[in-house]
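Participant: Here's a sequence, model it:
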Amino acid sequence: LIELVMVIVILGVLAAVAIPKFVDLKGDAVIAATQGVAGGLSSASAVNYAARSVKGTSSAATVAIVNCDSVKSALQGGLPSGYQTDAAVTVAAGVTQSCILTNTNVSPNVTASFSAIGIL
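Facilitator: Got it, this is the predicted structure:
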């Protein structure tokens, strides 16, 4: 009986130590997902700029990027629901601009930055 009580006490101590580590996993996952979408936007912008540089302005495969919001058109499959970009920030042609992506699926909103390269 004493051994059984000791095992239960040890399991209780282990659970008390381990539970706080797993409680905030959702917050970490939301931050990682937001950073992943921001990375996808940066990559889409860079690939779009490279394609336009190689193929020229007549290429129908590229998207004109004039502000942070227009980068989502270059992202294959589009921007996931619940994410917003800052449409007010303009991006000059050939210039890399830092933009903000906001995940509105959670409260408080989570933000991440991405780079947009302007193309007219």
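
Participant: where exactly do the helices run in this structure?
Facilitator: 2-23, 25-55 (DSSP state H).

Participant: Save those as a markdown table, and put in mean neighbour count, mean pLDDT and distance to Asp86 too.
Facilitator: Just so you know, the C-beta spots here come from the backbone N, C-alpha and C atoms, and that holds for glycine as well. Below are those laid out as a markdown table (neighbours: other CB atoms under 10 Å; pLDDT from 0 to 100; distance: least, CB to CB, whole Å):
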| stretch | mean neighbour count | mean pLDDT | distance to Asp86 |
| --- | --- | --- | --- |
| helix 2-23 | 9 | 88 | 32 |
| helix 25-55 | 16 | 90 | 12 |
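
Participant: Reformat these as TSV; add distance to Gln97.
Facilitator: Formatted as TSV, the helices of the chain follow (distance: least, CB to CB, whole Å):
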stretch	distance to Gln97
helix 2-23	37
helix 25-55	9
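
Participant: Quick one: closest of these to Ser70.
Facilitator: helix 25-55 (9.5 Å; CB to CB).

Participant: Which strands and helices lie in contact with that closest one?
Facilitator: strand 83-85, strand 96-103, strand 110-117 (3 or more CB pairs under 8 Å, 6 or more residues apart in numbering; DSSP states H and E).

Participant: Those strands: which one's closest to Met6?
Facilitator: strand 110-117 (43.6 Å).

Participant: What does the pLDDT read for Ala60?
Facilitator: Turning to Ala60, the model gives it a pLDDT of 68.

Participant: ok so, going back, Val66: which of the helices of the chain is closest?
Facilitator: Val66 lies closest, by CB to CB, to one member of the helices of the chain: helix 25-55, at 12.0 Å.

Participant: what's the closest of the helices of the chain to Gly77?
Facilitator: Comparing these under CB to CB, the one sitting nearest is helix 25-55, at 9.2 Å.

Participant: by how many degrees do that closest one and strand 110-117 diverge?
Facilitator: 10 degrees (axes from the mean of the first three to the mean of the last three CA atoms, to 10 degrees).
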